[in-house]
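J.: What follows is a predicted structure for the sequence shown.
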Amino acid sequence: MRRREFITLLGSTAVAWPLAARAQQPTIPVVGFLRPTRAEESGELVAAVRQGLRESGYPNGKVAIESRWADGQPERLPILAAELVTLQVAAIVASIDAARAAKTATARGPDEIYTEMASLMPSLDNISWERVQRESAVTYPADAPDKPGHAVVFEQGFPRPGGFGKLVAAKLQPPDETPNEEYPFILTTSRQLEHWHTGAMTRRATTLDALEPSAVASVSRGTIAKLGVKPGDPIRVSTRRGVVELAARQDDAIPDGVVFIPFAFVEAAANLLTNPALDPFGKIPEFKYCAARVEAVDPAAKVAAE
């Protein structure tokens, strides 16, 4: 079988490529995969390659054992351990050197990238990078390099025949699921100012998490009174798909009969409740509207259940 040495690229997912193609790879590889001829050679090869990388001036190079299969059979390399070490060290070093050289040769600053963008985007006419740097911000479109940009994009008409815009009527369709006696509320979901989508980043920010540390269900003043609860009391929100319990928040911007839950909190996941039905045209799930039931939670009963 033909010998092949593989390098994995930092930041990529299981990307492997032959030694012969290393010069075309733009990312600096730092992980070498070894494929020993015998399992008992694994530890010896790893140690030898690490030592070779250190001696070559690349002490941070990492190595690991890779097991590859071809046609259902494990691949075997008819190559001595010492030769494999030499090839692997050479492959990693040469790949790093080639990638660094390519990166240096093609490195460009934001000014060059912006200038290339502007050459392809008429909306950036008369707005050079130097002008952006000088004025800090420029509104487009701009009629001349020394004139301010327009606050309205299409002041003189739209880029269509006659300058007229095109309005397309949409047929109003009811939601897939509407309130009824069993589920009399409308549940809607969205983001919060402090938390973006699932909170994977924003909930790790101590300041943002301190502002909104836990899940809440925002309801109207009328709903608060009807349920007989106070802001901060636990309430239960149920749909045909699931149930979550979370604190009630009084929000005068919420109409009676509507409950709003942000979807950034895994401990009270709003999308356990939402409707996965797809819009027939856009194929977008109907996450913003479904029928729900909202109830007060007896704190004593909750403690007893726990």
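T.: Here it is on my side, so go on.

J.: Send over stretch 132-143 as CSV, restricted to the C-alpha atoms.
T.: This file holds the C-alpha atoms of stretch 132-143, laid out as CSV (Å, rounded to 0.1, in the frame of the first residue of the first chain):
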residue,chain,number,x,y,z
VAL,A,132,-14.2,56.1,7.1
GLN,A,133,-11.1,56.4,9.2
ARG,A,134,-11.2,60.2,9.1
GLU,A,135,-14.9,60.6,9.9
SER,A,136,-15.3,57.5,12.0
ALA,A,137,-18.6,56.6,10.3
VAL,A,138,-20.2,57.5,6.9
THR,A,139,-23.8,56.9,5.9
TYR,A,140,-24.3,55.5,2.4
PRO,A,141,-25.1,56.4,-0.3
ALA,A,142,-22.8,59.4,-0.7
ASP,A,143,-23.0,61.6,-3.8
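
J.: same question for that stretch, mean pLDDT?
T.: Stretch 132-143 carries an average pLDDT of 87.

J.: Contacts for stretch 113-133, please.
T.: Identification of contacts with stretch 113-133 by Cβ atoms under 8 Å, 6 or more residues apart in numbering yields Pro110, Asp111, Val138, Tyr140, Pro141, Ala142, Asp143, Ala144, Pro145, Lys147, Gly149. Heads up, the C-betas are built off the backbone N, CA and C, glycines and all.

J.: Just the pLDDT for Ile7.
T.: 30.

J.: Could you tell me the end-to-end distance of stretch 268-279?
T.: For stretch 268-279, the first-to-last residue distance is 25 Å (Cα to Cα, to the nearest Å).

J.: Same question for stretch 275-293.
T.: 14 Å.

J.: Mind listing what's buried along it?
T.: Asn275, Phe287, Tyr289, Cys290, Ala291, Ala292, Arg293 (16 or more other Cβ atoms under 10 Å).

J.: Greatest separation within those: which pair is it?
T.: Among those, the pair separated by the greatest distance (Cβ to Cβ) is Phe287 and Arg293, at 18.1 Å.

J.: Tell me which stretches of the stretch 151-300 of the chain form helices.
T.: For the stretch 151-300 of the chain, the helices defined by DSSP state H, counting those that start in this stretch cover 206-211, 221-227, 299-305.

J.: follow-up on the earlier one: how about JSON lines for the buried residues of stretch 275-293, with pLDDT and distance to Gln192 added?
T.: Converted to JSON lines, the buried residues of stretch 275-293 look like this (pLDDT from 0 to 100; distance: Cβ to Cβ, whole Å):
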{"residue": "Asn275", "pLDDT": "94", "distance to Gln192": "21"}
{"residue": "Phe287", "pLDDT": "90", "distance to Gln192": "15"}
{"residue": "Tyr289", "pLDDT": "95", "distance to Gln192": "19"}
{"residue": "Cys290", "pLDDT": "96", "distance to Gln192": "20"}
{"residue": "Ala291", "pLDDT": "97", "distance to Gln192": "23"}
{"residue": "Ala292", "pLDDT": "97", "distance to Gln192": "19"}
{"residue": "Arg293", "pLDDT": "97", "distance to Gln192": "23"}
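
J.: for Leu211, what are its contacts?
T.: By Cβ under 8 Å, 6+ apart, the neighbours of Leu211 are Glu194.

J.: picking that back up, restrict the contacts of stretch 113-133 to the buried ones and give me that as a PyMOL selection.
T.: In PyMOL, a selection of the buried entries from the contacts of stretch 113-133 looks like this (16+ other Cβ under 10 Å):
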select buried, resi 138+141+142+149
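
J.: what's the farthest-apart pair in the contacts of stretch 113-133?
T.: Pro110 and Asp143 (25.0 Å).

J.: quick revisit: out of the buried residues of stretch 275-293, which are inside strands?
T.: Per DSSP state E, strands hold the following members of the buried residues of stretch 275-293: Cys290, Ala291, Ala292, Arg293.

J.: The last one: what's its closest spatial neighbour, skipping adjacent residues?
T.: This points to Arg293. Once flanking residues are discounted, Arg293 sits nearest to Ser238: 4.6 Å by Cβ to Cβ, 6 or more residues apart in numbering.

J.: count of neighbours near that neighbour?
T.: 19 (other Cβ atoms under 10 Å).

J.: Kindly report the same for the one 3 residues further on.
T.: Arg241 is surrounded by 13 other residues when neighbours are defined as other Cβ under 10 Å.

J.: Before we move on, what's the pLDDT of it?
T.: pLDDT, read off for Arg241, is 96.

J.: quick one: it and Ala270, what's the gap?
T.: 11 Å (Cβ to Cβ, to the nearest Å).

J.: Out of the helices of the stretch 151-300 of the chain, point me to the one whose mean pLDDT is lowest.
T.: helix 299-305 (a mean of 57).

J.: Would you agree Ser190 is in contact with Ala270?
T.: No: contact criterion Cβ atoms under 8 Å: Ser190 and Ala270 do not qualify, at 9.1 Å.
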